[in-house]
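# Return a 3D structure for these sequence lines:
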Amino acid sequence: LNKVEFKQAEKHAPIELIKNGVPQFALVADLHKERGSERGRSLLLAVNEWKLAIKKGTGKDLEVFRSSQIPEAKKKYPYLVVFGENDYSKKLIDFTTLKSEGFEVVTTPDGIVIAGRDSSVDPDFNKDPLDKKGYVRATLYGAYVVMERIFGVRYYMPGTGCIFPELKNITVTPMRYTDY
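Below you'll find the model as predicted:
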């Protein structure tokens with residue numbers, strides 16, 4: 001298992017992500033800032049996996065906003081799930097301290113932030129034609145871990161080996177941890 005470092009979480013009320021089978025949150029990700037092939041786009045993959053898990057668990061679709069649209073999203077939804085490095089997540093997470101594939105999960109009164117180091121938003125990644133580094137998709141890994149821990153989603157084999165439980169009521173208590 002990967003090493004998990006638990007940190008002091010901000011004190012706030014529990015977050016009701018799903019209430020009576022209805023998601024109480026929107027997703028936030030700056031998908032327009034990603035580059036490279038779709039397989040390497042950590043934010044896009046994370047968003048799509050969350051949309052799939054919620055659709056299968058509740059039958060509902062999730063709305064996706066850019067980080068610049070957070071004020072608009074907050075008017076429509078009580079909570080947000082924010083993916084990746086952006087102005088919002090930088091206020092909560094020191095990305096310079098994260099290891100190569102490390103990510104941090106932080107709850108706030110506004111929802112959850114899942115963010116890590118991602119090569120798809122790093123302009124210097126494989127900039128040199130001789131660089132042949134593999135993708136760094138830490139935010140995606142964080143998205144999977146949170147779905148497993150909070151929603152009970154299980155990934156045994158991509159596609160046919162996934163279990164998406166029915167989601168009626170999901171409440172998250174304050175937490176903060178780093179995983180790598």
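# Report the mean per-residue pLDDT for stretch 133-149.
Confidence over stretch 133-149 (mean pLDDT, whole number) is 91.
# Need the residues that contact that stretch.
Here stretch 133-149 makes contact (C-beta atoms under 8 Å, 6 or more residues apart in numbering) with 36, 39-40, 42-43, 45-46, 49-50, 53, 83-85, 98, 100-105, 112, 114-120, 122, 125-126, 153-155, 179-180. In short, each C-beta sits where N, CA and C put it, glycine included.
# Please repeat the previous calculation with a cut-off of 7 Å.
39-40, 42-43, 45-46, 49-50, 53, 83-84, 100-103, 105, 114-119, 125-126, 153-155, 179 (C-beta atoms under 7 Å, 6 or more residues apart in numbering).
# and that stretch, how far apart are its ends?
One end of stretch 133-149 sits 30 Å from the other (C-alpha to C-alpha, to the nearest Å).
# Kindly report the same for stretch 170-179.
End residues of stretch 170-179 are separated by 22 Å (C-alpha to C-alpha).
# Check which residues of it are buried.
By neighbour count on 16 or more other C-beta atoms under 10 Å, the buried set for stretch 170-179 is 170, 172, 174-179.
# sorry, back to before: just the buried ones among the contacts of stretch 133-149, please.
Judged by 16+ other C-beta under 10 Å, buried ones among these: 40, 42-43, 45-46, 49-50, 53, 83-84, 101-103, 105, 114-119, 125, 153, 179.
# The residues you listed in strands, which ones?
83, 103, 105, 114-116, 179 (DSSP state E).
# Any chance of CSV for those residues, columns pLDDT and distance to residue 163?
Shown next, in CSV, are these (pLDDT from 0 to 100; distance: C-beta to C-beta, whole Å):
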residue, pLDDT, distance to residue 163
83, 98, 22
103, 96, 23
105, 98, 21
114, 98, 21
115, 97, 26
116, 95, 24
179, 93, 21
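# Fine, thanks again, bye for now.
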